[in-house]
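# Need the 3D shape of this:
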Amino acid sequence: MVYRGLARTRFRGDVPLKNDTLEILLQARLLVGYLGESEQFGWWRTSFFQPASQHFLEPIFPRTSHLARYHGVIEAARRMHDESLSAGSYHLFRLPEELEQDLHALMDSGVGKTLHEKIPQDKQGALELLRSLAGARTELTEGPIAIGTAADVRSSKTVRQMAALYAAAYERGVRSYPYLASQ
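I've put the predicted structure just below:
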């Protein structure tokens, strides 16, 4: 499946990023973003995915309230991760610009809207969905965890590894920051 506007997806050496990996990446962002909000695990102080936020944003952004919610939580998560990681590293909420643009386009598409609507509105349901996205469980250490280089984000295996680390961190009540070295 090729998404309209995403045919230009390129990363490192003009290698295309598969659209299924892009979907997995977007789903991981949405789930980790939702779970990190103040009503769930409180990693950042936002409530963009709560029903009250939707009622507030819809009159201002009638056609794009889902995008406003997405970008609000992504920015909060990005800031928290950037404070905990060294400059120049990539993580789930800070990726190369081309990939950020593709994720925005996917979020603006019907696929993004559907993924957004499928986020369970309860902590346990969202955590179970994140675990299923991750596949296998993983050992966890608190704090920053290097899982590869920026080029590895092209692999759904890397995205699933990130999801597994976040799920384990949420389950154990610790903060873990999987990141990708810029080189």
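# Worst mean pLDDT across the helices and strands of this protein, which element?
helix 51-57 (a mean of 69; mean pLDDT, DSSP states H and E).
# Which residue is the nearest non-sequential neighbour of the spatially most central residue of the chain?
Among the residues of the chain, the one closest to the centroid is Arg29, at 1.3 Å (CA atoms, centre = their mean). Sequence neighbours aside, Leu92 is the residue nearest to Arg29 in space, at 6.0 Å (criterion: CB to CB, 6 or more residues apart in numbering). The way it works is simple: take the backbone N, C-alpha and C, and place the C-beta from them, glycine included.
# Same check on Ile119?
Of all residues not flanking Ile119 in the chain, Tyr34 sits nearest, at 5.3 Å (CB to CB, 6+ apart).
# The one you found falls within a helix, correct?
Yes. Under DSSP: H, G, I helix; E, B strand; the rest coil, Tyr34 falls within a helix.
# In contact with it, which residues?
By CB atoms under 8 Å, 6 or more residues apart in numbering, the contact list for Tyr34 reads Gln40, Phe49, Val73, Ile119, Ala126.
# buried set for stretch 85-92?
Neighbour-count burial for stretch 85-92 flags Leu85, Ser89, Tyr90, His91, Leu92 (criterion: 16 or more other CB atoms under 10 Å).
# Need the residues you listed in JSON lines (columns: secondary structure and pLDDT).
Shown next, in JSON lines, are the buried residues of stretch 85-92 (DSSP: H, G, I helix; E, B strand; the rest coil; pLDDT from 0 to 100):
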{"residue": "Leu85", "secondary structure": "coil", "pLDDT": "92"}
{"residue": "Ser89", "secondary structure": "coil", "pLDDT": "89"}
{"residue": "Tyr90", "secondary structure": "strand", "pLDDT": "94"}
{"residue": "His91", "secondary structure": "strand", "pLDDT": "95"}
{"residue": "Leu92", "secondary structure": "coil", "pLDDT": "96"}
